Every structure is written in C-alpha cells, then in structure tokens.
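Participant: 3D model of this:
(2 chains)
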Amino acid sequence: MKCEHCDNEATVHETTIVKGASVERHLCEACASKTGLGVPQPATQGQITGFVLQAGAGLVIQGGARPVTACPRCLMTFAEFKQHGHLGCADCYVAFESQLLPLIERAHEGGEKHVGKIPRQTLDVRGAGLSTQERLDRMQVLQRELEAAVAAEQYELAAKLRDELRRLVEPAHRGGPAVGES
Amino acid sequence: MRGEGSRDPRSEPLRFEATTEWLRAEGEAADVVLSSRVRLARNLATSPFGLKATRADRLSTLDVCRSRLLQSGIAPRVVWLDVHERNATERNLLVERHLISKPFSRGRSVGGAPAGNDPRGLAFSIPDERLAVMVNEEDHLRIQVVHSGLALEAAWSQADAVDDLLEAGLPYAFSPRLGYLTACPTNLGTGLRMSVMLHLPALRLTGELEKVKRAASDMALAVRGYYGEGSEAAGDLFQLSNQTTLGKAERTILHELATEIIPRIIAYERHARNELLTKRRIAIEDQSHRALALLTNARLLATDEAMQHLSMVRLGVMLGVLPGLDQNRVNQLLLLVQPAHLQLAVGRELDQEQRRAARAQLTRARLLN
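Facilitator: Model prediction:
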C-alpha cells in the first residue's frame, strides 16, 4: 500500500475510533514522523484536543510485524507500560482498558470497581454523569457508613455523610463550575 | 522550622525541632505503635503522569498545585519548598523526618536516571509536621498525614478534609468505575494507603515475627521497613499497611486495620513482652543493659547498629528494667542518629568515618546526661 502523502510504501497504519466510526490513515515512516505518528513523542496540547475518545479506543500503529496500540493522548504503548509498571496519563486507562482490567483485578485481590470517595466536583457537576447503578452503589456504601457513624455517636461524620447522600439523591438540582471554587 | 507560606525560603537553611510527630509516640498504644499514617495519591486530569511528562508539564503541575496548596487553608501554617533547589543533605533531612520519600529526594527515577533538578515540591504544616504534600512524586499529589500513636481515624479525617480543600480547585483525574486514577494501577481506586509504624522487639526476640508477617500477607497487608517500600526493618520498626486500594471504601479499610488487625498485633507484642518479663527476666535485663552499656561507651557507631541497640533500650524502658531513662529521650535518638540529622546537630558535613565518631559522641552525651 502506498503512503497517503507520497509514493513510498506505507508502513504506519493508524486506526482511530471517533464517535463510533473508524478512521484509517496509511503513511510511510517519514510522513508519519512528521505528523507525530509512529515515533512515540510527548503529545502536545494540540494533539490532545484533536482526539475524541470512546471507551476502549486506542491508536493502532502498525510499523512492524504486529500492530501496537498506543494511547492517543500521551502515545504510550502497552509494551512501555509493561516495562515500567506506570501509565502515561489518565487516558491510558481508557486506551488499554481491556488489557488492564484483568491485571487490575488481580492486583487488588478481585477488587474491580471503586466504592470509595467521589470528588465533590464529580458529584456536583457530573452527578448526572454517574450512571444510576453507580449512584445506587455509592448510596448503599454511604448509607452503611452513616449507620455505623450514628451507632458510634460520631455525629460530625454522620452529618458529612448525610450531606453527601443528599447530593447523590438530587443530582439534577446540582450545577456549578467544572474547575475552581464552587 | 522557620520561614513561612509564600516567603521564598531558598536562601535559608532548613531548621527543625529536635523531634517530630511520628516519634513523639504519644496517644493510644504508643508503647507499640509509634505513629499512624494516611496517604492519598491524586493526579490532575489535565497533565500527563511522571513517565510522559515533559519538564514544561512538570513545571506547570508544580505551579498549579503550589498555588492551591498555599491558598486553600490546608493547615494554619504551611511551608513550601522547591525540593529541586535544595542540596542533598537538606533533602536527606526531609527523608529522615519522613516528610518525603527516598525516590522523591533523588528526583524522577522512572524512565531514566535520577535527576536532582527535576521540578518537584513539598508543602508541609508547621510546627507539627503532621501534614506533608509532595508534588510531582510518582503521582502529581501525594497527601500524607501522620499522627502519634494509634490514631488512624484522626489521620484519615484530616487527610480527607485536606483532599476536599485541594479538590475544590484542582481538576482531579477520576473515573466513576476505577476511582482516583494513579500512575501505577496498584494505587487505583481510593489511592489510599493507611499504615502504622510498629515497634516489635519482643516478637523478634521470641521468634514470632515471621508468623505475624505471614498472617499480614494472607490478609493482603504489606509489611515494610523503617523507610517504607524496599527498606530494611532497622531498630525492629515495621510499617504495616493495606495493599489493595480498589473495591473497598476508605472507612472499610480503616475499620479493618484500626479495630481488627492492629489491636491483635499490639496484643501479640504486649503478650510477648510480658512473657519475656516473667519467664526470661534476667535475660531481658541483661540484653537491655548491654545495649545501654554499648551506646554509652562506644566510640564509633554505625546508623543501623545504633538503631538496633536503641530498640533494645526502648524495650528495656517500656518493661521498666532500665529505671532513670525516659522513652522520649530514646525516641529522639532514633531520629538524631540518622546521617543528615547528625550533620545538622554537628553543624557541618561529615564523611562516613567522622559520622560514626560523631554519632557515638552524641548518643553517649544524650544518654548519660
């Protein structure tokens, strides 16, 4: 296959999933490195905003014998993760979701779902962003903690938990800035 | 420590009190539990993690976090340090006070050689040093709260409140399913590590320590040495902490540790101490007095050697077989014999041989007067 930009053989093949539709690009190594593809480089702010990600979507780079998935934001590959044990950015969790989930479950002795604290901003701004099930799960945990706090006569903590529960019950009435003091 | 808030303390040398919260050993079960620690790992959604962050990214993270840390009222008095501007001795001082981790003191080590000038900072509360927040460690933010004795509940409440204050002005990386997103997936979820620093000399002497370690490992708990991950257990001091962070709420982890697991270990160590006192009294008196004799007569002392004998002296004090010595003096020495603190006390840089001599002199003076 020829490169989209010149007559050289295309060796770098990118597939991005944008809003459910797959978009393909085929480039030679020289043209690929000009566009920041193929050679892992730190992503610039421009590149980051250029991608719209859906769960599980990764950047596929086919330079060698087998395709390599990279995080579209920081360009980390799964091989790099395996080498260092660290991810490159928050979006890596989306890009490598299917490979990471079994590892995560093993590392946390079967734990696969967060049941702890939720940032106030997430509750306030994205309260509706949590699925109904997620909200119900969280409410159950809070309810148990509330009962324990009342039983232990920890009224200050109980009041805090009650406030948090209220925010979960009425997410539709909530709003506010995404970042900054609210 | 002097120097405060927004004032630039770079030109001033670091000055600290002779002791620190985690060595005060006050409060509940302080005979066995020196301190309780809560650590939260947090990241900004807007910036790459350490491995993929450029110098510009790290400077920007530092800027954003510093403003927030100094403006959000996380403690009555907060000091900020640009750690990359500090020399190696000063950074070691911070490590010895458990305000920063060893990898953080060396600079970014993931994906390359340690870089001393790697942009990173520390905010901590004074004078109590209970709260310390590292910026640009493995995660963008590492919030740590340490309280004396067995006080995980109090430490958690403080860390939780600080986290709320920071979060109100920082875009945290968070996923409803996976929780707080961290550079290493092993910290994912709550990003919470709760630990206690335990002094377990009697369990070592009675040969029961391995049993405790095995039991801890079966309960998904990690047992680490004096300086945390990868360090040796100097002076019979161990850090016990939760290992998993996903799938359990913070209060569940707290409850399991504070009301179930740790009280059992405390009871186990106390039982072993009692057994030593009733069944091997002369042997334990002998060992404590020998340790004290060595510390008050040696002319050269290595750090680990000093720690090991201090551990036996501390046990002797706790069991009442070394009258006339108080626990605080021994606790303080656990900190003062460390290389950077020793050099601070002497007031100049020393090579290893000089340090051994100075350490012996300081220990002698502190224990005899």
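Participant: give me the neighbour count for the closest residue to A:Ile104 other than its chain neighbours.
Facilitator: Nearest residue to A:Ile104 in three dimensions, chain neighbours excluded: B:Pro185, at 5.2 Å (C-beta to C-beta, 6 or more residues apart in numbering or on different chains). All C-beta spots, glycine's among them, are computed from the backbone N, C-alpha and C. B:Pro185 has 24 neighbours, counted by other C-beta atoms under 10 Å in any protein chain shown.
Participant: pull the contacting residues for B:Pro185.
Facilitator: Taking C-beta atoms under 8 Å, 6 or more residues apart in numbering or on different chains, we find B:Pro185 in contact with A:87, A:100, A:103-104, A:107.
Participant: which stretches of chain A have low pLDDT?
Facilitator: A:11-24, A:29, A:32-68, A:122-131, A:169-182 (pLDDT under 70).
Participant: residue of it nearest chain B, please.
Facilitator: Closest contact between chain A and chain B, by C-beta to the nearest C-beta, is at A:Gly111 (2.2 Å).
Participant: mind checking the SS state of that residue?
Facilitator: coil (DSSP: H, G, I helix; E, B strand; the rest coil).
Participant: can you give me the strands for chain A?
Facilitator: A:12-18, A:21-27, A:59-61, A:68-70 (DSSP state E).
Participant: just among the contacts of B:Pro185, which is most surrounded?
Facilitator: Busiest of the contacts of B:Pro185 [other C-beta under 10 Å] is A:Leu87, holding 30 neighbours.
Participant: gap between that one and B:Ala53?
Facilitator: For A:Leu87, the distance to B:Ala53 (C-beta to C-beta, to the nearest Å) stands at 12 Å.
Participant: what's the first-to-last distance across stretch B:332-342?
Facilitator: 12 Å (C-alpha to C-alpha, to the nearest Å).
Participant: and for stretch A:73-81?
Facilitator: End-to-end for stretch A:73-81, by C-alpha to C-alpha: 15 Å.
Participant: which strand in chain B runs the most residues?
Facilitator: Max-length strand for chain B by DSSP E is strand B:33-42.
Participant: which strands or helices does the helix or strand following that one pack on?
Facilitator: Moving toward the C-terminus from strand B:33-42, the next helix or strand (DSSP states H and E) is helix B:55-71. Helix B:55-71 is packed against strand B:78-82, strand B:121-125, strand B:131-135, with contacts defined by 3 or more C-beta pairs under 8 Å, 6 or more residues apart in numbering or on different chains; DSSP states H and E.
Participant: what kind of secondary structure is B:Pro119 in?
Facilitator: Under three-state DSSP, B:Pro119 comes out as coil.
Participant: any idea how far it lies from chain A?
Facilitator: Going from B:Pro119 to chain A by C-beta to the nearest C-beta, to the nearest Å gives 15 Å.
Participant: contacts only, for the closest residue to that residue other than its chain neighbours.
Facilitator: What sits nearest to B:Pro119 in space, not counting adjacent residues and going by C-beta to C-beta, 6+ apart, is B:Arg58, at 4.5 Å. Counting by C-beta under 8 Å, 6+ apart, B:Arg58 touches B:50, B:118-120, B:136.
Participant: mind checking if the longest helix anywhere in chain A is in reach of chain B?
Facilitator: For chain A, the longest helix by residue count, based on DSSP state H, is helix A:132-151. Yes. Judged by C-beta under 8 Å from any C-beta of the partner chain, helix A:132-151 comes into contact with chain B at A:134, A:141, A:145, A:148.
Participant: what is the burial count for the second one?
Facilitator: The one in question is A:Val141. Neighbour count of A:Val141, defined by other C-beta under 10 Å: 19.
Participant: for B:Glu250, see how far away it is.
Facilitator: Relative to B:Glu250, and taking C-beta to C-beta, A:Val141 is found at 10 Å.
Participant: find the nearest non-adjacent residue to B:Leu141, please.
Facilitator: The spatially closest residue to B:Leu141, leaving aside those adjacent along the chain, is B:Arg42, at 4.2 Å (C-beta to C-beta, 6+ apart).
Participant: hmm, the one you found is touching B:Pro171, no?
Facilitator: No. B:Arg42 is not in contact with B:Pro171 according to C-beta atoms under 8 Å; the separation is 10.7 Å.
Participant: confirm B:Thr244 sits in a strand?
Facilitator: No. B:Thr244 is assigned coil when assessed by three-state DSSP, not a strand.
Participant: quick one: B:Gly235 is in a strand?
Facilitator: No. Counting by three-state DSSP, B:Gly235 is not part of a strand but helix.
Participant: residues contacting the closest residue to chain A within the stretch 251-369 of chain B?
Facilitator: Using C-beta to the nearest C-beta, B:Arg251 is the residue of the stretch 251-369 of chain B that sits closest to chain A, at 5.1 Å. The contact partners of B:Arg251, taken as C-beta under 8 Å, 6+ apart, are A:145, A:148.
Participant: that one: what secondary structure?
Facilitator: helix.
Participant: roughly how far apart are it and B:Val135?
Facilitator: For B:Arg251 relative to B:Val135 (C-beta to C-beta), the value is 27 Å.
Participant: again with B:Gln332
Facilitator: 30 Å.
Participant: which one of the two has more residues nearby?
Facilitator: B:Val135 (26 against 18).
Participant: picking that back up, for the longest helix of chain A, list every residue counted as buried.
Facilitator: Buried residues in helix A:132-151, counted by 16 or more other C-beta atoms under 10 Å in any protein chain shown: A:134-135, A:137-138, A:141-142, A:145-146, A:148-149.
Participant: look through the stretch 101-250 of chain B and state the residue closest to chain A.
Facilitator: B:Gly247 (2.2 Å).
Participant: what's near enough to touch that residue?
Facilitator: Going by C-beta under 8 Å, 6+ apart, B:Gly247 touches A:108-115, B:189.
Participant: please name the residues that touch B:Leu141.
Facilitator: Contacts of B:Leu141 by C-beta under 8 Å, 6+ apart are B:40-44, B:65, B:133-135, B:166, B:170.
Participant: and if we set it to 7 Å?
Facilitator: By C-beta atoms under 7 Å, 6 or more residues apart in numbering or on different chains, the contact set of B:Leu141 is B:42, B:65, B:133, B:135, B:166.
Participant: check which helix or strand covers the last one.
Facilitator: Same thing as B:Leu166. Going by DSSP H and E, B:Leu166 is in helix B:152-167.
Participant: so what touches that helix?
Facilitator: A:119-121, B:36-38, B:40, B:68, B:72-74, B:130-131, B:141, B:143, B:145-147, B:194, B:250, B:254, B:257-258.
Participant: residue in the stretch 1-150 of chain B nearest to chain A?
Facilitator: Taking C-beta to the nearest C-beta, the stretch 1-150 of chain B has B:Lys52 as its residue nearest chain A, at 3.5 Å.
Participant: is it true that that residue touches A:Met76?
Facilitator: Yes. Between B:Lys52 and A:Met76 there is a contact at 5.9 Å, judged by C-beta atoms under 7 Å.
Participant: now list whatever residues contact both of the two.
Facilitator: Shared contacts of B:Lys52 and A:Met76, defined by C-beta under 7 Å, 6+ apart, are found at A:Gly88.
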